[in-house]
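Engineer: sequence first, then the predicted structure, then my questions.
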Amino acid sequence: MTAPTPASPRAAATRLVPVGPARKRLSVAFLLADRFTLSAFANFVDVLRLAADEADRSRPIMCEWTVLSADMSPVRSSCGVKVAPDRRLRNAARYDYVVVVGGLMGEARALDPAVLAYLRDCAARGVPIAGLCTGVFLLHEAGLLDGYRACVSWFHHQDFLDRFEGATPVSDQIFVVDRDRLTCSGGHSAAHLAAFLVERHVGQSAATKSLNIMIIDSPLSADKPQPGAPGTPGARDPLVRRALLRMQQRMDTPDSVAALAAALKVSRRQLERRFREDLGTTPQRAGLRLRLDRACALLTETDRTVTQVAMATGFCDAPHLIRSFKGDLGLTPAEYRARHVAHRCAPGVSSASGALAAPLPPPTPTSAGR
């Protein structure tokens, strides 16, 4: 039997040279704001965790994730749970993405100056930056969204407009990818944005597996309408839901149907056909219904005058609102308000909460205004 040929000293030396850990396919750093939204962070990082290994063994083989901090102090979430950072900013490595998770509106502290400096340095080096939930507010305040489209939750749409004059946030889809900026509305949307990145860097099967283990059917594309906004019951068509969300967001200055169709990048004819097929009504009628529903809420939940309610819901003036109210509901706004006040004062209504003992059905709509 022939003895094996001994390896050359050079080959042996090559084998003995220690090899450093291979760079992961997807590397993400997190920056957590004070009172950050735990669900957005957890959904995003769990997709990475599940995509990184077989099943749910959680070994960072394909993906890695790190929580960065200026001072290594634990960061409290909006529910009080604290997360301990992994690494100081000055020891930050090279990452494929830096993700900012926002916190409670009006209660959280601003980002540390060192964090802002780090983010601006990342932006200057071309590192893609993502904002989850209200993280989009922090990125905009830092000047990192100038010239970019940004996704904001429908729930915080008006807050964003109030804070950033001239801004045009996207609130009718779950996330937005605009060049090297990624923003999402929070909640499960964070999982879908993470799945988008996993599919891009690791593969589609890894993204789907992660979501399936999390009991989420399959990855959703960025333009999927945001779920959960009030005033869209029964709407199943994604285009119709996006249109209704836009109507809600622009209630004080409603679009014409032509402008609405243009904003949604469809023809007016297509938009009207999709409304008929999905809701059995027209965009004009659906928009009027949303505005009247909002007017009803303002009349019963606030002490605003009829003129103020008219201005807030896109009617020209008080007479315009009165005509629309009578035509659709058979009552004037004053009569509608008086009816609800009388019902709240009736016996059997809880005085502690002011809630109705039984829901008061709205007046039956008339055929007028259809």
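Structural biologist: Now that the structure is in, tell me what you want to look at.

Engineer: tell me where the stretch 151-300 of the chain has strands.
Structural biologist: Along the stretch 151-300 of the chain, the segments classed as strands by DSSP state E, counting those that start in this stretch run 175-178, 181-184.

Engineer: comparing the ones you listed, which comes out most buried?
Structural biologist: Mean neighbour counts were taken over the strands of the stretch 151-300 of the chain using mean count of other C-beta atoms under 10 Å, and the top value, a mean of 27, falls to strand 181-184. (C-beta placed from N, C-alpha, C; glycine too.)

Engineer: sorry, back to before: turn the strands of the stretch 151-300 of the chain into a markdown table, columns for distance to Asn91 and mean pLDDT.
Structural biologist: Shown next, in a markdown table, are the strands of the stretch 151-300 of the chain (distance: least, C-beta to C-beta, whole Å; pLDDT from 0 to 100):
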| stretch | distance to Asn91 | mean pLDDT |
| --- | --- | --- |
| strand 175-178 | 29 | 96 |
| strand 181-184 | 24 | 96 |
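
Engineer: how about TSV for those, with distance to Asp71 added?
Structural biologist: Formatted as TSV, the strands of the stretch 151-300 of the chain follow (distance: least, C-beta to C-beta, whole Å):
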stretch	distance to Asp71
strand 175-178	30
strand 181-184	27
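
Engineer: helices or strands next to the helix or strand hosting Leu48 in the packing?
Structural biologist: Using DSSP states H and E, Leu48 sits within helix 38-51. The contact analysis (3 or more C-beta pairs under 8 Å, 6 or more residues apart in numbering; DSSP states H and E) places helix 38-51 against strand 26-32, strand 63-69, strand 97-101, strand 129-132, helix 188-201, helix 204-213.

Engineer: list the buried residues in it.
Structural biologist: Within helix 38-51, the residues that count as buried by 16 or more other C-beta atoms under 10 Å are 38-51.

Engineer: same question, stretch 214-231
Structural biologist: Quick answer for stretch 214-231 (16+ other C-beta under 10 Å): 214, 216, 219-220, 222, 224-226, 229, 231.

Engineer: between those, which sits nearest Tyr148?
Structural biologist: Of all the buried residues of stretch 214-231, the one with the least separation from Tyr148 (C-beta to C-beta) is Ala222, at 13.8 Å.

Engineer: for Gly187, see how far away the closest residue to the closest one other than its chain neighbours is.
Structural biologist: In space, and not counting its chain neighbours, Ala222 is closest to Phe175: 5.0 Å by C-beta to C-beta, 6 or more residues apart in numbering. Note on Phe175: its distance to Gly187, by C-beta to C-beta, to the nearest Å, is 11 Å.

Engineer: and for Phe160?
Structural biologist: 17 Å.

Engineer: tell me, how many residues neighbour Leu104?
Structural biologist: 15 (other C-beta atoms under 10 Å).

Engineer: so, low pLDDT: which residues of the stretch 1-150 of the chain?
Structural biologist: For the stretch 1-150 of the chain, the stretches flagged by pLDDT under 70 are 1-22, 107-109.

Engineer: what mean pLDDT does the helix ranked longest in the chain have?
Structural biologist: The residue-count maximum for a helix in the chain (DSSP state H) belongs to helix 283-301. Mean per-residue pLDDT for helix 283-301: 91.

Engineer: got the contact list for that helix?
Structural biologist: 231, 243-244, 247-248, 251, 254, 257, 260, 271-272, 275, 279, 281, 304, 306, 308-310, 312-315, 321, 324-325, 328-329, 333, 336-337, 340-341, 362, 369-370 (C-beta atoms under 8 Å, 6 or more residues apart in numbering).

Engineer: go again with 6 Å.
Structural biologist: Contact with helix 283-301 is made by 231, 247, 251, 254, 257, 271, 275, 304, 309, 313-314, 328, 333, 336-337, 340, as judged by C-beta atoms under 6 Å, 6 or more residues apart in numbering.

Engineer: report the buried residues of it.
Structural biologist: Across helix 283-301, burial judged by 16+ other C-beta under 10 Å covers 283-284, 286-296, 298-300.

Engineer: which ones are touching Cys151?
Structural biologist: Counting by C-beta under 6 Å, 6+ apart, Cys151 has contacts 170, 175-176, 183-185.
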